[in-house]
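Novice: Sharing a model prediction with you, sequence too.
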Amino acid sequence: MKEIMPSPPAIERQAHKSIQELFHKHVMPTYGRFDLVLERGEGSWLYDVNGRRYLDLGGGIAVCSLGHANPDVTVALIE
């Protein structure tokens, strides 16, 4: 399959570390958080920055019917 939207450069992929540090510094820890950093989605699957795959069981309405990064929807949005 042709890649419609290229992956971000490696430097942007590593930005999540500094973003997490800022988040923990400035956001009140009112509830527990899971430090999951998602990189991309394909269909019903989500992938984290370490390459682990997760089945999205909590997706919203559009994700349930279309999936993440649906190529037909992506092309329509770009056009």
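Specialist: Okay, I see it. Because the structure is a prediction, the values reported are computed rather than measured.
Novice: From now on I want contacts and neighbour counts done on CA atoms only, so please keep to that.
Specialist: Fine.
Novice: how about the nearest residue to residue 45, chain neighbours excluded?
Specialist: Spatial nearest neighbour of residue 45, chain neighbours left out: residue 55 (4.8 Å); criterion: CA to CA, 6 or more residues apart in numbering.
Novice: what's near enough to touch the one you found?
Specialist: 44-46 (CA atoms under 8 Å, 6 or more residues apart in numbering).
Novice: Any figure for the gap between it and residue 37?
Specialist: For residue 55, the distance to residue 37 equals 14 Å [CA to CA, to the nearest Å].
Novice: same check, this time on residue 58
Specialist: Residue 58 is 16 Å from residue 37, by CA to CA.
Novice: Poorly predicted segments of this protein, please.
Specialist: Scanning the chain for pLDDT under 70 picks out 1-14, 59-64.
Novice: Strands of that one, start to end?
Specialist: 38-42, 45-48, 53-55 (DSSP state E).
Novice: Residue 28: which of those strands is closest?
Specialist: Nearest of these to residue 28, taken as CA to CA: strand 38-42 at 21.8 Å.
Novice: Can you pick out the residue with more neighbours from residue 58 and residue 37?
Specialist: Between residue 58 and residue 37, counting by other CA atoms under 10 Å, residue 37 is the more crowded of the two (13 against 9).
Novice: Excluding covalently adjacent residues, which one is nearest to that one?
Specialist: That would be residue 48: by CA to CA, 6+ apart, it lies 5.5 Å from residue 37.
Novice: give the contact list for the one you found.
Specialist: With CA under 8 Å, 6+ apart, residue 48 has these contacts: 36-40.
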